[in-house]
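Engineer: with the sequence up front, the predicted model follows.
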Amino acid sequence: MWSVYLQDTWDITDTVNLTLGVRHDDYSDFGGATSPRSGLTWAFMKNASLKALYGEAFRAPSFLEMFTTNNPAFLGNDTLDPEKIRTYEVGLNYQFNKHVASSVNYFYNDIKDLIALRTLPSSPNTSQYGNFGNAHVQGIETETKVDITKGNYVFMNYTFQDPKDNHGNDLPFVTQQMGNFGVNVHYWKYLNTNISSF
């Protein structure tokens, strides 16, 4: 595979900047994919900013998903397309003081060509990978970081999301709530410790 990417940022005014980027990846087994991205940020007051983001990405089918042949339970599929996603995000960032910063974001993800296993009609004991249906995920995520001293900080984040397939059913194996809490301690320039709970 090979890839090429380009990104640039423009300061439209003292408080508004625009970032545009594009990346192209080319795989020898399934072809190429182009992924554009854009972001607009507005610092509407001294310690607060709004952002709006749009991006496209993909997940390439794995070697296992494409080329498994000698397994009686599941088979690969060399005609698989990559999963594709379009993401939309709006967020607010606020710096309470020099130690505490928080953000809250709303996101919406539109996913196409999900790769999943389906039972073969001709063989009920064998499944094959394929591109089956679409999905969308929307939700809210929050994050707070507390800087104690340089390199020493506490961070926490929480996400609530609603993952649905194109028929309105919950997506299997996709959680609705996620949280993370961690502490970073920087003793000296050669030693750093980080512990987190997910």
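Structural biologist: Now that the structure is in, tell me what you want to look at. All figures in this text were calculated on a predicted structure; none of them were measured in a lab. Residues are numbered from 1 along each chain as shown.
Engineer: hmm, Asp170 is touching Lys164, no?
Structural biologist: Yes: counting by C-beta atoms under 8 Å, a contact exists between Asp170 and Lys164, whose distance comes to 6.5 Å. Where C-beta positions appear, they are placed from N, C-alpha and C, glycine not excepted.
Engineer: of the two, give the one with the bigger neighbour count.
Structural biologist: Each of Asp170 and Lys164 had its neighbours counted (other C-beta atoms under 10 Å), and the higher figure belongs to Lys164 (16 against 11).
Engineer: the more buried one bridge partners, please.
Structural biologist: When bridges are assigned using DSSP bridges, the partners listed for Lys164 are His136, Asp170.
Engineer: swap in Ile195?
Structural biologist: Checking Ile195 by DSSP bridges, which sets the bridge assignment, gives partners Val183.
Engineer: again, but for Trp10
Structural biologist: In this entry, Trp10 is beta-bridged to Leu18, by DSSP bridges.
Engineer: so Thr79: helix, strand or coil?
Structural biologist: With DSSP: H, G, I helix; E, B strand; the rest coil as the basis, Thr79 sits in coil.
Engineer: to what extent is it buried, counted in neighbours?
Structural biologist: Residues near Thr79, counting by other C-beta under 10 Å, number 11.
Engineer: how much space between it and Gly32?
Structural biologist: From Thr79 across to Gly32, the span is 16 Å (C-beta to C-beta, to the nearest Å).
Engineer: again with Lys150
Structural biologist: In this structure, Lys150 lies at 44 Å from Gly32, with C-beta to C-beta as the measure.
Engineer: between the two, which one's more packed in?
Structural biologist: In this view Lys150 and Gly32 are compared by other C-beta under 10 Å, and Gly32 has more residues nearby, 13 against 7.
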